[in-house]
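Asks: Compute the structure for the input listed below.
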Amino acid sequence: MKSLALAGMSLAALLAGSAALQAKTLVYCSEGSPENFSPALNTTGTSFDAARPIYNKLTEFERGSTKVVPGLAESWTVSEDSKVFTFKLKKGVKFHSVRPQGGVAFTPTRDFNADDVLFAFNRQGDEKHPFHKISGGKYDYYSDMDMPKNVKSVEKVDDYTVRLTLNEPNAPILANLAMDFMAIPSAEYAAALQKAGKLEQFDQVPVGTGPFSFVAYQKDAVIRFKAFEAHTATEKAKVDDLVYAITPDPTARYSKLKAGECHFMAYPRPADLPEMQKDAALKVINQSGLNIAYWAYNVQKPPFDKKEVRQALNYAIDKNAIIRDVYLGAGQAAVNLIPPTMWSYNTAVKGYPFDQAKAKELLAKAGVTTPLDIDLWYMPVQRPYNPNAKRIAEMMQADLAKVGINAKLVTFEWGEYRKRAQQGEHTTAQLGWTGDNGDPDNFFFLRGCSGARPGGQNLTKWCNKDYDDRLIKARGMSNQEARAKLYEEMQVIENEEAPDLKIAHSVVYEVMRKEVEGYKQSPLGDHRFNGVELK
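Replies: Okay, the predicted model is just below:
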């Protein structure tokens, strides 16, 4: 919202150089602009990162790990049939205040309680809720996690007790509740905006209980937060102010980092890493990513409704060349949706080697006349799993030409790209995934029938009953060995049906200045700055 521009401070003044960085102001050179500040509405790491300082959830992931720990719920109990979860809420947790220019000011009059938890569920799950249709009213994560189907009821037992009843047991539910889409906002703030007739402000000027409170957003330029002194729900902020300097170009991010105009950057160019690692003023950290980059075939559009065509394209692409030339070795060719480090990975699945003669043979078997014209969509942004989508698309285009396929390269602005792809407008499209909760279900749902709906996360629009039955069955099981067996079978099915080409699992690098201390790299790809300080 342009009306929420920084009061009395321009971006140029804020980021004028290292002298402008105060001892207790941490500046993150982020890669893109958020769509809004309500995680329930979003699906991208960029938007989640922008809202993450502001909110807490019932459960949380321990910073730097996938371990589920208490958040706004101090404890919980589970019924014998694993369908009823009773959460005891923390007392004395405060909400932020906001003073937006040209908007409705808000100061809370009560602490966090069960009403706020019910609001978080009901806004997404109840079509009659007054905020359900605000800001477009799309809750893709809530739907793709099968919450509408599985949540039977959410009840307020008392001000500090909430009972969640499921229709079926759901093994990943506590981890799912720790995901960003289940961030808990202020129901009192929503009521104040409803009274003022300013419901849209709710998603642009956020109010939560998190370690930082929202100050202002200057579109495509900067987001400002300040430490919330009354924060008690999780680890506190150790700096006074947090600034996101929105810098889409990785070369520009690196320049700002070297100049001291920001303290931290994500998604460095692989080619810059050797120079960064030699710079005594910088720290470079990395870990194997819990991620996948893939190329999705829209099975609803001929000839991709034929399995042989999809398999042919898998044989046509030289993935090892992509790993070598784009990832610069900081990744490995992918075979399955989940990376090899996750439990249930099926080592018996071998994938598709580079074999263009086999590709031509399968195209002929499918009755495809070449040359065949297709669209190849590539992402306009860097992601943890894909350092250069355009370059990968160009390499794919060259490989495809050798088997008689003319691929037209297509892209859009990032928000538009995802929206159009989720609606199924593409013929083929690049995308990828960074795991949200450390559970294999969080990857395998990407090919589930629920996500194949228009607007869903399953860009292939592939719906296979054998795969989907196992996906749903595994969610209802608590025995990890039994779940793993189903997931292993699903990987065999998906490999044979080939709704996508799995490109790579990347190594994720992040770079910061030496004075940054206490940052913990997350296997989930998120960036959290509470507990981080400047020395």
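Asks: Please count neighbours and contacts with C-alpha atoms only from this point.
Replies: OK.
Asks: which residues of the stretch 351-500 of the chain fall in helices?
Replies: 356-365, 389-401, 414-423, 441-444, 465-475, 480-497 (DSSP state H, counting those that start in this stretch).
Asks: Over the shortest one, what's the mean pLDDT, rounded is fine.
Replies: Translated: helix 441-444. For helix 441-444, mean pLDDT rounds to 95.
Asks: The fifth one too?
Replies: Here the mean pLDDT over helix 465-475 is 95, rounded to a whole number.
Asks: relative orientation of it and helix 480-497 in degrees?
Replies: 160 degrees (axes from the mean of the first three to the mean of the last three C-alpha atoms, to 10 degrees).
Asks: which secondary structure elements does helix 465-475 contact?
Replies: When contacts are defined as 3 or more C-alpha pairs under 8 Å, 6 or more residues apart in numbering; DSSP states H and E, helix 465-475 sits against helix 441-444, helix 480-497.
Asks: which of those helices is buried the deepest?
Replies: The highest mean neighbour count among the helices and strands packed on helix 465-475, using mean count of other C-alpha atoms under 10 Å, belongs to helix 441-444: a mean of 20.
Asks: Show me what it is packed against.
Replies: Secondary elements touching helix 441-444 (3+ C-alpha pairs under 8 Å, 6+ apart): helix 465-475.
Asks: Tell me the buried residues in the helix it packs on?
Replies: 467-468, 470-472, 474-475 (16 or more other C-alpha atoms under 10 Å).
Asks: Can you lay out those residues as CSV showing distance to Ser97?
Replies: As requested, the buried residues of helix 465-475 are exported to CSV (distance: C-alpha to C-alpha, whole Å):
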residue, distance to Ser97
Tyr467, 47
Asp468, 45
Arg470, 46
Leu471, 43
Ile472, 42
Ala474, 43
Arg475, 39
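Asks: Just give me the closest of those residues to Glu60.
Replies: Lowest distance from Glu60 to the buried residues of helix 465-475 (C-alpha to C-alpha) belongs to Arg475, with 20.1 Å.
Asks: Spit out the contact partners of that closest one.
Replies: 169-172, 441, 483 (C-alpha atoms under 8 Å, 6 or more residues apart in numbering).
Asks: what about 10 Å?
Replies: Arg475 sits next to 168-173, 441, 483 when contact means C-alpha atoms under 10 Å, 6 or more residues apart in numbering.
Asks: Report the separation between Phe214 and Phe228.
Replies: Distance of Phe214 to Phe228, given as C-alpha to C-alpha, to the nearest Å: 9 Å.
Asks: The two: who's more crowded?
Replies: Neighbour count, other C-alpha atoms under 10 Å: between Phe214 and Phe228, Phe214 has more, with 28 against 23.
Asks: Enumerate the positions of stretch 352-366 that are buried.
Replies: Residues of stretch 352-366 classed as buried by neighbour count (16+ other C-alpha under 10 Å): 352, 354, 356, 358-360, 362-363, 366.
Asks: What pLDDT is listed against Pro384?
Replies: So Pro384 comes in at 88 (pLDDT).
Asks: How many neighbouring residues does it have?
Replies: The local packing of Pro384 (other C-alpha under 10 Å) involves 24 other residues.
Asks: and it, backbone torsions?
Replies: Dihedral pair for Pro384: phi -60, psi -30, per degrees, to the nearest 10.
Asks: and the chain, what are its domains?
Replies: As assigned by automatic domain parsing, the chain contains the domains 2-274+514-534, 291-508.
Asks: Tell me which of those domains sits nearest to Lys283.
Replies: domain 2-274+514-534 (5.7 Å).
Asks: pLDDT averaged over that closest one - what is it?
Replies: pLDDT averaged over domain 2-274+514-534 gives 92.
Asks: would Asn286 count as being in a helix?
Replies: No: membership of Asn286 in a helix is not supported by DSSP: H, G, I helix; E, B strand; the rest coil, which gives strand.
Asks: Distance of the nearest residue to it once chain neighbours are set aside relative to Met342?
Replies: Distances taken as C-alpha to C-alpha, 6 or more residues apart in numbering place Tyr509 nearest to Asn286, at 4.4 Å, with adjacent residues excluded. Using C-alpha to C-alpha, one gets 20 Å for the distance from Tyr509 to Met342.
Asks: neighbour-wise, which of the two wins?
Replies: Shown here are Tyr509 and Met342; by other C-alpha under 10 Å, Tyr509 has more neighbours (21 against 12).
Asks: Hmm, that one is touching Tyr327, no?
Replies: No: look at Tyr509 against Tyr327 with C-alpha atoms under 10 Å: they stay out of range, at 11.4 Å.
Asks: where do the contact lists of those two overlap?
Replies: Common neighbours of Tyr509 and Tyr327 (C-alpha under 10 Å, 6+ apart) are 269-270.
Asks: overlap in contacts of Phe214 and Phe228?
Replies: What both Phe214 and Phe228 touch, as defined by C-alpha under 10 Å, 6+ apart, is the set 53-54, 96-97.
Asks: ok, and the most crowded of those residues?
Replies: In these, the most neighbours by other C-alpha under 10 Å go to Ile54, 27 neighbours.
Asks: Which residue comes closest to that residue once chain neighbours are left out?
Replies: Gly210 (4.4 Å).
Asks: Number of residues surrounding the one you found?
Replies: Neighbours of Gly210 (other C-alpha under 10 Å): 32.
Asks: who touches it in this structure?
Replies: Counted by C-alpha under 10 Å, 6+ apart, Gly210 has contacts 51-57, 93-96, 183-185, 227-228, 230-237, 530.
Asks: before we move on, back to that, let me know which of the helices and strands packed on helix 465-475 is the nearest to Gln287.
Replies: For the helices and strands packed on helix 465-475, proximity to Gln287 was assessed by C-alpha to C-alpha; helix 441-444 is nearest, at 18.8 Å.
Asks: which stretches of the stretch 351-500 of the chain aren't confidently modelled?
Replies: Applying pLDDT under 70 to the stretch 351-500 of the chain flags no residue at all.
Asks: switch to 90 and redo it
Replies: Scanning the stretch 351-500 of the chain for pLDDT under 90 picks out 381-384, 414-415, 436, 438, 450, 455-456, 476, 478.
Asks: ok, back up a step: which of the contacts of Arg475 count as buried?
Replies: Buried members of the contacts of Arg475, counted by 16+ other C-alpha under 10 Å: 168-173, 441, 483.
Asks: of all those residues, which comes closest to Val151?
Replies: Using C-alpha to C-alpha, Glu168 is the member of the buried ones among the contacts of Arg475 that lies nearest Val151, at 8.5 Å.
Asks: which SSE is the closest one in?
Replies: Using DSSP states H and E, Glu168 maps to neither a helix nor a strand.
Asks: ok, it touching Ser478?
Replies: No: the pair Glu168 / Ser478 is not scored as a contact, 11.7 Å apart, by C-alpha under 10 Å.
Asks: Can you work out which residues contact both of those two?
Replies: Ser82.
Asks: Could you tell me how many residues sit around Lys90?
Replies: For Lys90, the neighbour count with other C-alpha under 10 Å is 21.
Asks: hang on, isn't it packed against Pro70?
Replies: Yes: using C-alpha under 10 Å, Lys90 is in contact with Pro70, at 9.4 Å.
Asks: Show me whatever sits in contact with both of the two.
Replies: Residues within reach of Lys90 and of Pro70 at once, by C-alpha under 10 Å, 6+ apart, are 58, 233.
Asks: And stretch 311-327, what's buried?
Replies: Buried residues in stretch 311-327, counted by 16+ other C-alpha under 10 Å: 311-323, 326-327.
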